[in-house]
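[1] give me the fold of what follows.
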Amino acid sequence: MVKQGRMGWKQVEKEGRMLKVRELHKSFANVYALDDVRVCLAQDWSPKSSKEHAFISNYAKSVFGDSISVWNVALFETESFVAIPSIGSLVPGWLLIVPKDPALCIGALSQEKKQELDVFAKYVAKCLEFYFGPVVMFEHGPIVERSCIGCSVDYAHLHLVPVPWDLYAYVINGFPSIQWHHVNGLEATTQYYASKTPYLYLFQPHISPVHFIGTGEIPSQLFRRVIAYQLGEPSAYDWKIFPHFETIRQTIEILQKNSVA
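    Okay, here's the model as predicted:
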């Protein structure tokens, strides 16, 4: 259940529990009070003073071993998830939502966690849309470690990317080997993980209310390839070669500059 609130802190009482949800910006009128979820924006960020979370460290180590970098900081947070800047951000505002407890993909999460993720992702997407424009959500869902579809990251993560294009229209024409299915939402990933079927998940709320799951022959970093192509930089899709740290800093600065003190 999602409720609308006013600017500033909003307290919502449900079954005796008081929840606090703070809006991102004073002019951002639609604040979401999330049942059993606390959402906050990280404060006082700087590369030297940001406090590393253990769960982000787990994710970081799955990417770059023991290295710590500018993107290794939580911007939004709930009890079970954090939203962090994506290394290889081709556009400003590109975030990843990552579970605090390790999981291979979203399909491996419990239904309860998926429900929390669904509400949290929609909240973060609304915030990003306010500053960066329409947001798409996608996941490359591996079912085994070190697989091509996992993009070399054996840790669940949902991409939230501010881009205006219809990614589905492009991939359905450009990659005919992928079979697409209409599904109800993130909870549908459970059956694909359980059946050991690698999958793509895609949701573009500014274009259609339909959620998609893709299966079949799936290239590595497929959606990144599509976005890079649309930007006129087709060779810049690989996050391992093009980390785009300056774009990451831009994302953090915009969100922090407009946060509520």
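
[2] from here on, contacts and neighbour counts on C-alpha atoms
    Fine.

[3] how about the helices of the stretch 51-200 of the chain, start to end?
    54-64, 111-132, 167-174, 189-194 (DSSP state H, counting those that start in this stretch).

[4] of all these, which one is nearest Val98?
    helix 54-64 (8.0 Å; C-alpha to C-alpha).

[5] follow-up on the earlier one: mind putting the helices of the stretch 51-200 of the chain into TSV with mean neighbour count?
    Shown next, in TSV, are those (neighbours: other C-alpha atoms under 10 Å):
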stretch	mean neighbour count
helix 54-64	17
helix 111-132	19
helix 167-174	14
helix 189-194	18
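
[6] and the nearest residue to Pro164 once chain neighbours are set aside, how far is that from Lys113?
    Ranked by C-alpha to C-alpha, 6 or more residues apart in numbering and with sequence neighbours excluded, the top spatial neighbour of Pro164 is Pro134, at 5.7 Å. Note on Pro134: its distance to Lys113, by C-alpha to C-alpha, to the nearest Å, is 25 Å.

[7] next: Ala228.
    31 Å.

[8] same thing with Leu200?
    19 Å.

[9] tell me how many other residues crowd the residue nearest to Pro164.
    20 (other C-alpha atoms under 10 Å).

[10] all further residue positions should be reported with the first residue as 766.
    Taking 766 as the first residue, the last one we looked at is Pro899.

[11] not counting residues beside it along the chain, what's closest to Tyr933?
    Excluding its sequence neighbours, the residue lying closest to Tyr933 (C-alpha to C-alpha, 6+ apart) is Leu967, at 7.7 Å.

[12] okay, now the sheet partners of whichever strand or helix holds that neighbour, with direction.
    Here Leu967 is covered by strand 964-968, with elements defined by DSSP states H and E. Neighbouring strands of strand 964-968 in its sheet, by DSSP bridges, are strand 900-906 (antiparallel), strand 976-981 (antiparallel).
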